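Enquirer: Here is a sequence together with a model predicted from it:
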Amino acid sequence: MGIQRRLIREISSVRPLMVWMVVLGLCSSILLLLQAHLMADCIGSLFLHVPKHRNLVVMVGELAVVFLVRSLVGAIAGFVAARFAANAKLDIRARWLSKLFTLSPLNIERMQTGELVTAAVSGIDNLESYLARYLPQSVEAVMVPVVLLINIFQLDWISATLLCIAAPLIVFFMILLGKGADSMAKKQWHLLENLSANFLELIEGLLTLKLFSRSADAKRLLAHIGDANRVATMKTLRVAFLSSFVLELFATLGTGAVALALGLRLLHADLAFIPALTVLLLAPEFFQPIRALGTEFHAGLNGLAAAESLFAMLDEREDGADVPIPVVSFSEVQAIRFVDVCVRYPGQREDSLQELCLTIHRGEKIAVTGPSGSGKTTFLQLLSGTLSPSSGVIEVDGQSCSTLSCAAWRNNVTLLNQAPYIFSGTLRENLQMALPGGDTMADNALQEALLKAGLRDWLRSLPGGLDTRIGDGGRQVSGGEAQRIAIARAWLRQSPFLLLDEPTANLDPLTAAEIETAITALTENRTVVVVTHDPGFSRRMDRVIRLAGADSSDEEGTRCKDGTGY
Ligand SMILES: Nc1ncnc2c1ncn2[C@@H]1O[C@H](COP(=O)(O)OP(=O)(O)OP(=O)(O)O)[C@@H](O)[C@H]1O
């Protein structure tokens, strides 16, 4: 119920959709009444010659017009619902995407790609079905029976009373079944998200699985999750069919009871033929919208489960957003000081980074070394604002700050890691993505950045130059070329802080040496922190910080018990 209210409150096109549905539902009910009355009159006129004052041909003509108008109203209702639902879909998808892009990297780290994809694609489609089919049908299921009941009451109060008994029974059983089905639909939705997440991961790691001859295991895992999903879907469908059966049963019993009561009174001449026939024609129509709602029951449940998941993402609070930003311009920062900073990842019993104390001065070039697992990447993540400390303080020009996870800081930092991501697109797009706010740059500036990154000859070899498609589906780039593209991006970005995480790892010595030369040029006039295992590269820096991890005691100059730091 809460989700339904939220949909009405927050999605702008839902309210007008409801208004349209009420108006069209009212028109449809009135036309239905006219149709039933005219039909009863026609039959009465044909067989019993009542009502006497009306011409049969005219009545048949009127009936045909009413029938046509009613079909037209139905078509308009379908069109309006589809139109508003499509607008709502666009609206929620735009809001969802803008939320995803404004969230901090801290939030994104926690989310599973597969779940996000399922919510963005199937979730929003399910919500569209809910808005286009279930919601209009629920309005009709209230409007039409109420209008018909008023008229039936005027014609025959006994039939109206019988319908009044049958309808609440249907609603009662629907609520009862709905409660059970609701949790089933949510479970089914989570299983679908899980299936998508696993499927995506297997696709990404397909090559590795093949190399280790483990693709059969992956297939089995997918089959297992798929089967669990199938069982959950069948359970939900069973409840949906059961609810349809309950609906049909009570609707048939209700109509039968009305017919029986009418028949008995007609036999005893307690009731005139025309009103009795009108009520008999209206009784099935009274139940029809409720029965139609039953067939949309599954769409309704799926839509609500998807809406809940979409709203959960929209409600996600941006990590680090409420942290006060020190009143300094980050591009002018002179010193960043870590005071007893610790990081403990969720679910871990020990700190991955312990009481780090260190000051980075503007323009300084620092190499960070240490054994695997000592927390070098974790330290760079803290600096790049993609991770927050569990305890300790980061001081920016003497002002305390519990995290650097704010867009203002991130705009001044460039992080180059071991495997830069190359998007499927042109080389130009892959370079320009480094520019803030979707800016573009002239070709000669892009070419100069590629030249500085050592990619001049490579660029010349590309058939379409800057417009050559690279990455997935385009020209594949080697590890060294990808790293150089990342260096070209860093040249274009011109941020004062440069963070590098083993930029030459996995490269052959010759390429690594060339990349180091390109990086050295990039580090000019910038504050640099580089994680490296290469002693030669470390020597080119101003100083070397060695992290030794939690178990070791030979950490050099990074721990401060008295808070003074290195
Ligand atoms: N997301 C995470 N969740 C839990 N533990 C993590 C997470 N990321 C890193 N760790 C743990 O934190 C510790 C430090 O990891 P980190 O990647 O910072 O080490 P590193 O020094 O960069 O290692 P390497 O040289 O192998 O890249 C490791 O023990 C690692 O298992």
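Expert: Structure received.
Enquirer: Residue ranges of each domain in the protein, please.
Expert: The record assigns the chain these domain ranges, following automatic domain parsing: 2-314, 330-546.
Enquirer: what's the closest of those to the ligand?
Expert: domain 330-546 (3.2 Å; Cβ to the nearest ligand atom). C-betas here are computed from N, CA, C, even on glycine.
Enquirer: Please tabulate the domains of the chain in CSV and include mean pLDDT as additional columns.
Expert: Putting those into CSV (pLDDT from 0 to 100) gives the following:
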stretch, mean pLDDT
domain 2-314, 86
domain 330-546, 86
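Enquirer: would TSV of these with mean neighbour count be doable?
Expert: Shown next, in TSV, are the domains of the chain (neighbours: other Cβ atoms under 10 Å):
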stretch	mean neighbour count
domain 2-314	17
domain 330-546	18
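Enquirer: any chance of those domains in JSON lines, with distance to the ligand too?
Expert: As requested, the domains of the chain are exported to JSON lines (distance: least, Cβ to the nearest ligand atom, whole Å):
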{"stretch": "domain 2-314", "distance to the ligand": "7"}
{"stretch": "domain 330-546", "distance to the ligand": "3"}
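Enquirer: Which helix in this protein has the most residues?
Expert: Determined from DSSP state H, the single longest helix within the chain is helix 215-267.
Enquirer: Check the contact between Leu271 and Arg265; I expect there is one.
Expert: Yes: when contacts are counted by Cβ atoms under 8 Å, Leu271 is listed as touching Arg265 (4.2 Å).
Enquirer: Would you confirm that Ala120 contacts Leu97?
Expert: Yes: using Cβ under 8 Å, Ala120 and Leu97 qualify as a contacting pair, with a distance of 7.4 Å.
Enquirer: sorry, back to before: for the longest helix of the chain, packing partners?
Expert: On a contact count with 3 or more Cβ pairs under 8 Å, 6 or more residues apart in numbering; DSSP states H and E, helix 215-267 meets helix 157-204, helix 206-211, helix 273-295, helix 297-314.
Enquirer: How about residues contacting the next helix or strand after the last one?
Expert: Read that as helix 297-314. Next along the chain after helix 297-314, taking DSSP states H and E as the criterion, comes strand 335-343. For strand 335-343, contacts defined as Cβ atoms under 8 Å, 6 or more residues apart in numbering pick out 351-362, 375, 378, 382-383, 387, 389-398, 404, 560, 563, 565.
Enquirer: Show me these that map onto strands.
Expert: Among the contacts of strand 335-343, the members falling in strands (DSSP state E) are 353-361, 391-396.
Enquirer: In the stretch 1-150 of the chain, what residue spans correspond to helices?
Expert: 2-10, 14-47, 56-102, 105-110, 113-118, 124-129, 135-155 (DSSP state H, counting those that start in this stretch).
Enquirer: Export those as JSON lines, with columns for distance to Ser478.
Expert: As requested, these are arranged in JSON lines below (distance: least, Cβ to Cβ, whole Å):
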{"stretch": "helix 2-10", "distance to Ser478": "48"}
{"stretch": "helix 14-47", "distance to Ser478": "51"}
{"stretch": "helix 56-102", "distance to Ser478": "30"}
{"stretch": "helix 105-110", "distance to Ser478": "27"}
{"stretch": "helix 113-118", "distance to Ser478": "25"}
{"stretch": "helix 124-129", "distance to Ser478": "38"}
{"stretch": "helix 135-155", "distance to Ser478": "53"}
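Enquirer: can you tell me which of those helices comes nearest to Val528?
Expert: helix 105-110 (20.8 Å; Cβ to Cβ).
Enquirer: Report the distance from the longest helix of the chain to the chain centre.
Expert: 29 Å (Cα atoms, centre = their mean, to the nearest Å).
Enquirer: hmm, back to that, and the two most separated of the ones in strands among the contacts of strand 335-343?
Expert: His361 and Ser391 (24.0 Å).
Enquirer: Out of the helices and strands packed on helix 215-267, flag the one nearest Leu32.
Expert: Closest among the helices and strands packed on helix 215-267, once you apply Cβ to Cβ, is helix 273-295, at 5.6 Å.
Enquirer: so that closest one versus helix 14-47, what angle?
Expert: Using axes from the mean of the first three to the mean of the last three Cα atoms, to 10 degrees, the inter-axis angle of helix 273-295 relative to helix 14-47 is 150 degrees.
Enquirer: Could you list every helix and strand in contact with whichever strand or helix holds Trp409?
Expert: Assigned by DSSP H and E, Trp409 belongs to helix 407-410. On a contact count with 3+ Cβ pairs under 8 Å, 6+ apart, helix 407-410 meets no helix or strand.
Enquirer: after that helix comes which helix or strand?
Expert: strand 413-416.
Enquirer: So what are the sheet partners of that following strand and their directions?
Expert: Using DSSP bridges, the strands paired with strand 413-416 in its sheet are strand 497-501 (parallel).
Enquirer: Centre of the chain to the partner strand, how far?
Expert: That offset, for strand 497-501, works out to 32 Å (Cα atoms, centre = their mean).
Enquirer: Convert the C-alpha atoms of it to PDB, please.
Expert: Extracted in PDB, the C-alpha atoms of strand 497-501 (Å, rounded to 0.1, in the frame of the first residue of the first chain):
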ATOM      1  CA  PHE A 497      46.700  15.500  -7.800                       C
ATOM      2  CA  LEU A 498      47.800  12.400  -9.600                       C
ATOM      3  CA  LEU A 499      47.400   8.900  -8.100                       C
ATOM      4  CA  LEU A 500      48.900   5.900  -9.700                       C
ATOM      5  CA  ASP A 501      48.300   2.300  -8.700                       C
END
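Enquirer: ok, Leu116 - contacts?
Expert: Taking Cβ under 8 Å, 6+ apart, one finds 100, 313 in contact with Leu116.
Enquirer: Repeat the analysis, applying 7 Å as the threshold.
Expert: With contacts defined as Cβ atoms under 7 Å, 6 or more residues apart in numbering, Leu116 has no neighbours.
Enquirer: same question, the one 5 residues further on
Expert: Contact analysis of Val121 by Cβ under 7 Å, 6+ apart lists nothing.
Enquirer: re earlier: relative orientation of the longest helix of the chain and helix 297-314 in degrees?
Expert: Going by the same axes, to 10 degrees, helix 215-267 makes 130 degrees with helix 297-314.
Enquirer: Okay, angle between helix 215-267 and helix 157-204 too, please.
Expert: 170 degrees.
Enquirer: what angle separates helix 215-267 from helix 135-155?
Expert: 10 degrees.
Enquirer: does Thr523 really touch Lys365, like I thought?
Expert: Yes: at 5.9 Å, Thr523 counts as touching Lys365 under the criterion of Cβ atoms under 7 Å.
Enquirer: can you give me the end-to-end distance of stretch 473-482?
Expert: With Cα to Cα, to the nearest Å as the measure, stretch 473-482 spans 15 Å from end to end.
Enquirer: Give me the residues contacting it.
Expert: 420, 422, 424, 458, 468-470, 485, 506-507, 511, 515.
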